[in-house]
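>>> Just the structure for this:
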Amino acid sequence: MARPNPCNPTIPHLTRETLTRLLLLSFLSSIFYFLGIYVNTTTTPPPPLTNCPNHTLSSSSSPTLDFESHHSASETISTVDAVDLPKLGFCPSNFTDYCPCQDPKRERRFRTGAMAHRERHCPGPEERVFCRVPRPEGYRSPVRWPESRDRAWFKNVPSTRLSSVKKDQNWVRVEGEYLVFPGGGTSFSTGVKGYVDGIRKVVPIGSGEVRTALDIGCGVASFGGHLLDYNIVTMSVAPRDVHEAQVQFALERGIPAMLGVLSIHRLPYPSRSFDMAHCARCLVPWTANDGLFLLEIDRVLRPGGYWVLSGPPINWRTFYKGWERKPEDLAAEQASIEDLARRLCWKKVAEKGVIAVWRKPTDHVHCAKKSKLWKTPRFCEPRDPDAAWYEKMESCITPLPNVNAIEDIAGGAIQKWPKRLNAIPPRISSGTVQGITSQDFNKDNQLWHKRISYYEILLSSLPTGKYRNIMDMNAGLGGFAAALSKYPVWVMNSVPWDSTNSSLGAIYDRGFLGTYMDWCEAFSTYPRTYDLIHANGLFSMYVDKCDVFDILLEMDRILRPEGAVIIRDHVDVIVKVKRVADQLNWQSRIVQNEHGPFDPEKLLIVDNSVVLSSH
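Predicted coordinates for the structure are as follows:
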């Protein structure tokens, strides 16, 4: 039999069995095809891929991201889901100026000796108020800086007591719809400009050597406001007293200030923080209790820093009649101050008019030797000189760091402003801030400049001057404030008091202001005093300490209407915070950070956070 030709194959014969199999296969294929079409048309199609790698978000195109999911850590923050609760309402109208830790009703429970009743006394869990602090009737968007330094809306701080009591001293006047601040004060007989000009003759104001100042008993902070012309930032401090709203006036003007008092505990600042401390007729008993209060000023003054005192008893021979006090009492008071300053090794620089100026030594080498001859206050036993959160003051001299040579400055020399802004802080270069190197500092600076550029996209109002008073709730090394220094803003750099490596001293080295803080408590300020609040990693830090609801409610209290918030944290935390933000009726959205959608850190952006209705 001949073989079949492979180049000319023959078609095999189709049997009935083969044909049946082919028909069955075709039928089954058709069934599965039509079934697939049916399923695809009855299910939701997948969403388009909008968030690609390296895609940046703009304020107009930033999608709200949903991360409700798949992250087990979202249950680690203690709070009740806001979806199960109604929107939080407003407190009664008499809570307009509610300051939880400086409440006049609560302070009546505490003794008045040494001004102890004016210290921080925060409510316990059973006393906390769970409502939003309302704004005053007729509240308006604050006057913008720099006009706000000279005037503010009266209805934003509707208090006439100070303008009435201090009418002859020109602190503040009510003129139509405005509060007007002419720059007067108890000791400013020629106005604050003439007063500062007198100080400039003996203190190097304007040279860059003095950058950070402390003003005790600040009034409406006209002194600190005027020093801004010389690139000096001033922590203006006053208690909540019978004049009611001094600190509130200051913050409404856009001038740094906070509630505080010299009493029992240290001021909430590190040692060696301020280049200058000032008190104008603040009636502080400087030499009482073994000089306790002046010793506290000595603690926070930088080596070589200046102390400026004006008013009684300075130059009492000239002014005692106007002060309506006995000359012998004033003489004894000034002699006592002079003696204590000498035993602190301060050098008196000048006394002219109502102003006297002393200077702190740059080290304690000579002072330690003199202490053996003079009856000086003892040097404090080993104790953290920077610890200042509910730390009691002691009647002892806080020792300065050791120096290698007599011409050295204890703790390291500080560069003049503005070089000081980005120079390596001495506390970092010396290793005082453990775990932070000079390289870490420089990287942190670069990081925050990049982040601020991204924030400018998310908050288009950031470069426009809308925000003046800014709170950084977890300031780190101050990189956020440094990156914002190109704008007409000031930043309150808060550092949690129990953070592992306290960096607040390094922040002051850079020429910024700040304070220790426990965000499980209320901040020492009035409501509606910050335009922008920034919280980087804060809620993760407080996971096991207090409720996220309490922290957000405090942020709501101190945030100005139409203010903004940037919360930066892990996505699991941000989701929880967003739920409570919704309960507070905040207008918020979750967006990716500058690294794109695959970074687990996200941002919660709040803009124009308080709705129009406040009652």
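>>> Residue 193 sits in which helix or strand?
Here residue 193 sits within helix 191-200, counting by DSSP states H and E.
>>> Report all helices and strands that the helix or strand just after that helix contacts.
Next helix or strand after helix 191-200 toward the C-terminus (DSSP H and E): strand 212-216. Judged by 3 or more C-beta pairs under 8 Å, 6 or more residues apart in numbering; DSSP states H and E, strand 212-216 is in contact with helix 222-227, strand 233-238, strand 274-280, helix 288-300. From N, CA and C alone the C-beta is placed, and that goes for glycine too.
>>> how about low-confidence regions in the protein?
1-85, 242-244, 372-373, 608-615 (pLDDT under 70).
>>> 80 instead?
1-86, 161-169, 184-187, 189-190, 241-244, 369-375, 500, 608-615 (pLDDT under 80).
>>> C-terminal to the longest strand anywhere in it, what's the next element?
Secondary structure assigned by DSSP state E gives strand 559-570 as the longest strand of the chain. Next in sequence after strand 559-570, counting helices and strands by DSSP H and E, comes helix 571-583.
>>> Which neighbouring elements make contact with that next one?
Partner elements for helix 571-583 (3+ C-beta pairs under 8 Å, 6+ apart): helix 538-541, helix 548-558, strand 559-570, strand 588-592, strand 601-607.
>>> With respect to residue 148, which of those lies nearest?
strand 559-570 (12.0 Å; C-beta to C-beta).
>>> What pairs with the closest one, parallel or antiparallel?
Sheet pairing here is set by DSSP bridges, and for strand 559-570 it gives strand 530-536 (parallel), strand 601-607 (antiparallel).
>>> Pick the most buried one from those strands.
Compared across the strands paired with strand 559-570, strand 530-536 shows the largest average neighbour count, a mean of 24 (mean count of other C-beta atoms under 10 Å).
>>> ok, and what's touching that one?
142, 251, 459, 462, 466-474, 476, 480, 492, 555, 558-560, 563-569 (C-beta atoms under 8 Å, 6 or more residues apart in numbering).
>>> Output the helices and strands packed on helix 571-583 as a markdown table; include the columns distance to residue 498.
Output for the helices and strands packed on helix 571-583, formatted as a markdown table (distance: least, C-beta to C-beta, whole Å):
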| stretch | distance to residue 498 |
| --- | --- |
| helix 538-541 | 9 |
| helix 548-558 | 15 |
| strand 559-570 | 19 |
| strand 588-592 | 28 |
| strand 601-607 | 23 |
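>>> Which among the ones you listed is found nearest to residue 137?
Comparing the helices and strands packed on helix 571-583 by C-beta to C-beta, strand 559-570 comes nearest, at 12.9 Å.
>>> I'd like the distance from the closest one to the chain centre, please.
12 Å (C-alpha atoms, centre = their mean, to the nearest Å).
>>> okay, the angle between that strand and helix 548-558?
140 degrees (axes from the mean of the first three to the mean of the last three C-alpha atoms, to 10 degrees).
>>> For the stretch 401-550 of the chain, which segments count as helices?
426-429, 438-458, 479-483, 504-509, 538-541, 548-558 (DSSP state H, counting those that start in this stretch).
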